[in-house]
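S.K.: Need the 3D shape of this:
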Amino acid sequence: MGSSGQKRRKSKTPQHLSKVGSTAGSDRHLRSERKAVLDNMGVRGAPAWVRAVAIIVVFLLIVAAIGSLLAVTIFR
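M.R.: A predicted model of the protein is given here:
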């Protein structure tokens, strides 16, 4: 009839995880968290130069905002 009574096949390549609290486990967890954050921001697959330009633009916007606040308070 069907395969509903049969066991599912095991994966060909089982994933071996490191012990909890070990250095390798912490590194793997850190990498996966960074990947998740970059996925959420939408820049994971972006080239390095795009990330650098984005960081520079954000930095310049922050400097301009601080400068304009200082100018408003000084030249009031």
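
S.K.: Run through the chain and note the low-pLDDT ranges.
M.R.: Confidence mapping of the chain against pLDDT under 70 gives the ranges 1-5, 11.

S.K.: so where do the helices sit in it?
M.R.: All helices of the chain, identified by DSSP state H, fall at 23-41, 48-74.

S.K.: Identify the residues contacting the closest residue to residue 19 other than its chain neighbours.
M.R.: By the measure of C-beta to C-beta, 6 or more residues apart in numbering, the closest residue to residue 19 outside its immediate chain neighbours is residue 25, 6.1 Å from it. C-beta: built from backbone N, CA, C; applies to glycine. Residue 25 is in contact with 17-19, counting by C-beta atoms under 8 Å, 6 or more residues apart in numbering.

S.K.: how about JSON lines for those, with distance to residue 37 and neighbour count added?
M.R.: Putting these into JSON lines (distance: C-beta to C-beta, whole Å; neighbours: other C-beta atoms under 10 Å) gives the following:
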{"residue": "17", "distance to residue 37": "21", "neighbour count": "10"}
{"residue": "18", "distance to residue 37": "22", "neighbour count": "13"}
{"residue": "19", "distance to residue 37": "25", "neighbour count": "8"}
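
S.K.: Looking at those residues, which is nearest residue 45?
M.R.: residue 17 (26.0 Å; C-beta to C-beta).

S.K.: Report the backbone C-alpha coordinates of stretch 66-76 in CSV.
M.R.: Taking Å, rounded to 0.1, in the frame of the first residue of the first chain, the C-alpha atoms of stretch 66-76 are listed here in CSV:
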residue,chain,number,x,y,z
ILE,A,66,25.7,66.2,16.7
GLY,A,67,27.2,69.1,14.9
SER,A,68,23.9,70.7,14.1
LEU,A,69,22.8,70.2,17.8
LEU,A,70,26.0,72.0,18.9
ALA,A,71,25.5,74.8,16.4
VAL,A,72,21.9,75.3,17.6
THR,A,73,22.9,75.5,21.2
ILE,A,74,26.0,77.7,20.6
PHE,A,75,24.5,80.2,18.2
ARG,A,76,21.2,80.6,19.9
